[in-house]
Every structure is written in structure tokens, then in C-alpha cells.
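Engineer: Pasting the sequence and the predicted coordinates here, then a few questions.
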Amino acid sequence: MTYSRGQGESVFLGKLHRLLQHCLMPDKFTRCGSIVLALVFSIGYLLTASKLEGYALSYFCNLLLILLATILMLRRLGPPSMVTAPLWLCLGYFLVSYCLKFFLILLLPASPAEVGTVGPLCLPVEFKCQNTYVHSLSPYDWTTIPAEARAIALSAICIAGFCLAASIGTYSEFRVSLRQTTRAEVAYAKVLLIFAACLSIATAIIFYQYNIGLMGSVVKIDLPYKFRGVVYFLRTICLPGMLYLSIYISYRSKSFITMVAGLALLLGNGGLDVVFRSSRSALLYPLLGLFLLAFSAEVKIRLRTLMWSFVGMLPVFMSIPYVSSYRVNRIQLDAWDALVKSIIEMGYNPLIHIGKGLVFVIYRFTGVDVLASMLGHEALPIGSFIFDVLRSERGVSGYLSTSVFGTPADYPGASAPGFVGWSYLVGGVPGVLFGGAFLALTVWYVWGRLLKIDTPTIVVSRVFFLLIVFLIITDGTVDTLRKMFFVMLFTLVSLELGARLMTGFMKLYERRVS
């Protein structure tokens, strides 16, 4: 569409007027959110400023920068919605893992004997900061600043870059496309449910037989032709993708029985992973997937439903300490004996166990704790070797584990640097600023394209995209998600092909009947 000069100026002025309204005249949600954030940051600063002697002013400036950038983004985005879901996901994670967690670390530091534990009165820190004060001859050297002060400074730079870019990038608007379900898709949802149930049983047996994905164990049974990885991705990516699509179609078509069966199978699959993999977060990821599915499908969640959902999650939080004990016992015992022993050892104390589970959830995802730890271990940007590190099998996380933390190279695992830590190792301080801005603009652009697509499986594409964004901001393993991306792409192509085949079969059947 083309405009004359006068019309173009009026359109531009109209859009500029709406933008200024968003920024200068916020709604009730934005005002309340700004007040709550200001109170939390003020209380957090007053309680923790004394912990950073000599750096209280810079600490105040960093928190003020985060607060102003966040309020600007709140005024631009407004209340959470389907259109702004990925930006809200990133912002919420940054505030919890880099701001709230920073306050908790300074207020309740864990003693060396408690590191890695979840006691009732201590907070676990995966990597305790060592060599916090690194002295240098130059008084202006970056390494002379305490690791905690450097960590909150880098966090402020990344969050400010993200919020500013999101405030500018969201000037464009998208129209959401939600299609109506057909009879073929309803039948396809039932077929997917049956196939997913069979796949869940088959992969569960293989997982248990060959100890695939077993946490805390270095003993692995090799299988030919990369079959171990194939089974792992089938269970952790393909199976949830099928269930997401089945649940979504059942919800849109109001097929209550199919939807409940899909939800039960998804949660049951997570419960089996707890037993077979000794994974404390195996039940949390299905719940996260359902939460992202609700955002992707624009499901209206009432406050009462949200409250009951949180109550339903309390048993999941309570089970986390049991799984921690089960993981240790599972190394020497079989699954049943380890489970019984863990229940006897932990006893029954719901309040303490729920508290431990909530603390674990806060500290489960990488944030300012690992960032401060790697800075305390004198971690510097990789520099000229960055391309060699990115091309390596373990990537930046492997470099962090071996070169910074001193973990043996043959250790089965790597340390996740988090998004801010990954950006710092790759590009230094400019990389942190550019990384936050690039994340916001890329997420907004890709999400806008996904909202315009109208295919039967587009909701699964949105969920997978949000999961990738979540993994990027939590673990920071941007360079090692290639396999997961291609498996997700294969799953989407397979689901789309199956939906089109089912539609063709239904049309052929209706023609023969008529």
C-alpha cells in the first residue's frame, strides 16, 4: 500500500502518538508492576548494600539501571499476552535469576560444607565463589573489583540492552492467526495419543534397560548407530511434541476425555523419567511445556485456575528432596530399592520438603551465581580462540568447565554459563550488551513470523521455539543446541505430514461414503 506525502506523515504521527501513549500514560497493570519492582529493588538494596563495602554506589547505579529499563519495557509491553509471551519469559527469568537470586546470595550465603546441598536454612550455590578478590597492580583493573560487583554490573548491562531493544523492537504489531479444528484433526489427535502411549512404554523400557540419561552415573552402555541418542530425543522431544498437539486439538475441539488422557500421559511420562533418569526437573519440564502451550494457544487462564495449578504443583516441589536422595542411592541400587531407601531416609515433613523444593527451583536454573563464580575464578573473554571453542564438541560450556573451573576433560558433563556468562565469554562486555539486544530483537521477529503462520502444527512450533529461548537464557548453551534444533524440526515436519495425510484420508473416506 502506498501513501501520499500528507497521508504518510499523518500515519507516522498517529503511530508516534500511540507509542508516546504507551510510554507516558501506562495502564493500571504497568503502574502496579512498576511500584512492586521499585519496592523489591529498594528493599533488596537496603538489605544487601553493606555486603559490598566500597562498591555501594556502583551497586545502586546498576540496580537503578535495571529498574528503569524494566519499567520502560513494562510500559511498552503492557500485561502478558500471547503476542509478547517470549519477551515476558526472558524478562521474568532475568529478574529472578540475576536480581532476586543476587539478593538471596548476599543475604543467605552457603557455608563451604553446605555448598551443593539444600538445607532448611541455607541456599544452595552450585559453584561457590573462590578467589573473590583478585588483586592487581593497576587500581583501574577490572579484576580488582569483587566478583559479586562485576556479576551484577554485567547483569545490568545485559538486562538494560534487552529491555531497550525490546521497547524499540515491539513498535511493530502482529496479527495472531488461530485456525479452527476439523474432523480430521480431531481424529488425528486420538491417533497421536495412541501412538504416544506406545512410544512412551517402548522408550521407558529401553531407558531402564540401558540406563539412558541416568543422572549421577558415569557407567554407560554403548548402543550401535547412535541408537542411544535417538531413543533419548524420541522420548524427550518427539513424544512431548505429539502430546502437545493432541492436547491442543482436543482443547480447541472440546474433546475432554482425549485432553485429560494427553495431560495424564505427559505428566506420567515425566514421572517415569524421575525414576529412570533420577532427574529432579523431569516433572518440571512437562509443567513448563503446558504453561508455554497455554501461552502459544492464547488460553485464557483465570486467577482461580492459576491458584489451583500452583496447589497442584506442591507435590512436585515436595518430591524434589526425595529425588535428590534417590539419585545418590540409584548409583549402587536398582530403581525400586533406591526409591524405598530414599523414602525411609527423608521421612515425611511436607513443609520442609516443599521449602527445599522451592529453593531448588530458584537455584536450578543458571544465573548470577555461576556468573559470579566464573568471574571469581578469573574468567576472561575467550578472545582469538573463540571459533575453535565454538566448533568443539562441548562448546563454551566445556571451556568453562575445564579451563575456568578446572573440571577434568573426561568428566561426563559440563558447566552451563548462563546467557550473560556465555555472552561475556564470547564477546566480553560489548558482547553482553549486544547479546541482550540481539536476543530481544531476534525473539520478537521470529515470534511474529510464527504468529502469522496458519498450519495444524503451528502451536507445537511456538512451544518448541519458546523452549529453545528458555534453554538459551537459562543454560546459555547457544552453540550446542544444534542437535535439539534438528530433532525439533524433524518432529514438526513429521507432525505436519501426518496431519495432511489424515486430512487426505478423511476427504477420501467422505467421498466414498457419499
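Structural biologist: The structure has been received and is ready for your questions. Numbering: from 1, shown residues only.
Engineer: Quick check: Arg277 touching Tyr210?
Structural biologist: No. Contact criterion C-beta atoms under 8 Å: Arg277 and Tyr210 do not qualify, at 11.9 Å. (C-beta placed from N, C-alpha, C; glycine too.)
Engineer: Show me which of these two is the more surrounded one.
Structural biologist: When neighbours are counted by other C-beta atoms under 10 Å, Arg277 and Tyr210 differ, and Arg277 comes out ahead with 25 against 16.
Engineer: how close does the more buried one get to Leu287?
Structural biologist: Separation of Arg277 from Leu287 (C-beta to C-beta, to the nearest Å): 16 Å.
Engineer: same check, this time on Ile71
Structural biologist: Taken as C-beta to C-beta, the span from Ile71 to Leu287 is 30 Å.
Engineer: again, but for Ser81
Structural biologist: Distance of Ser81 to Leu287, computed by C-beta to C-beta: 21 Å.
Engineer: Same check on Met374?
Structural biologist: Distance from Met374 to Leu287, by C-beta to C-beta: 30 Å.
Engineer: So for those two, which sits in the more crowded spot?
Structural biologist: Met374 (24 against 17).
Engineer: what ranges of the protein fall below the confidence cut-off?
Structural biologist: 1-26, 109-143, 170-180, 213, 215-223, 225, 300-306, 412-413, 479, 514 (pLDDT under 70).
Engineer: what about the closest residue to Leu67 other than its chain neighbours, neighbour count?
Structural biologist: Sequence neighbours aside, Phe41 is the residue nearest to Leu67 in space, at 5.1 Å (criterion: C-beta to C-beta, 6 or more residues apart in numbering). The number of residues packed near Phe41 is 19, by other C-beta under 10 Å.
Engineer: And Phe434, how far from Gly169?
Structural biologist: From Phe434 to Gly169 the distance is 14 Å (C-beta to C-beta).
Engineer: Check Leu91 too.
Structural biologist: Where Gly169 is concerned, Leu91 sits at a distance of 13 Å (C-beta to C-beta).
Engineer: next one: Pro350
Structural biologist: For Pro350 relative to Gly169 (C-beta to C-beta), the value is 45 Å.
Engineer: returning to that earlier point: so the residue nearest to Leu67 touches Phe102, yeah?
Structural biologist: No. Phe41 is beyond contact range of Phe102, at 10.9 Å (criterion: C-beta under 8 Å).
Engineer: Can you check which helix is longest in the chain?
Structural biologist: helix 418-452 (DSSP state H).
Engineer: How far off centre is the following helix or strand past it?
Structural biologist: Beyond helix 418-452 in the direction of the C-terminus, DSSP states H and E gives the next helix or strand as helix 458-474. Mean-position distance between helix 458-474 and its chain equals 8 Å (C-alpha atoms, centre = their mean, to the nearest Å).
Engineer: Against which helices or strands is helix 458-474 packed?
Structural biologist: helix 85-94, helix 239-252, helix 284-296, helix 418-452, helix 482-513 (3 or more C-beta pairs under 8 Å, 6 or more residues apart in numbering; DSSP states H and E).
Engineer: Please say which of Leu91 and Gly169 ends up with more neighbours.
Structural biologist: Leu91 (23 against 18).
Engineer: Please list all residues in contact with that one.
Structural biologist: Taking C-beta atoms under 8 Å, 6 or more residues apart in numbering as the contact definition, Leu91 lies against 70, 73, 162-163, 166.
Engineer: Can I have the buried ones of these as a ChimeraX selection?
Structural biologist: To isolate the buried ones among the contacts of Leu91 in ChimeraX, judged by 16 or more other C-beta atoms under 10 Å, type:
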select :70,73,162,163,166
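Engineer: I'd like the contacts of Leu91 written out as a markdown table, with secondary structure added.
Structural biologist: Converted to a markdown table, the contacts of Leu91 look like this (DSSP: H, G, I helix; E, B strand; the rest coil):
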| residue | secondary structure |
| --- | --- |
| Thr70 | helix |
| Met73 | helix |
| Phe162 | helix |
| Cys163 | helix |
| Ala166 | helix |
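Engineer: Would you reformat the contacts of Leu91 as TSV and include distance to Gly229?
Structural biologist: Formatted as TSV, these follow (distance: C-beta to C-beta, whole Å):
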residue	distance to Gly229
Thr70	40
Met73	39
Phe162	33
Cys163	38
Ala166	36
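Engineer: Just give me the closest of the contacts of Leu91 to Ala282.
Structural biologist: The closest of these to Ala282 turns out to be Phe162 (C-beta to C-beta; 29.7 Å).
Engineer: nearest residue to that closest one other than its sequence neighbours?
Structural biologist: Gly436 (3.8 Å).
Engineer: Quick check, that neighbour in contact with Gly427.
Structural biologist: No. Using C-beta under 8 Å, Gly436 is not in contact with Gly427, being 11.4 Å away.
Engineer: quick one: which of these two has more around it?
Structural biologist: Gly436 (27 against 17).
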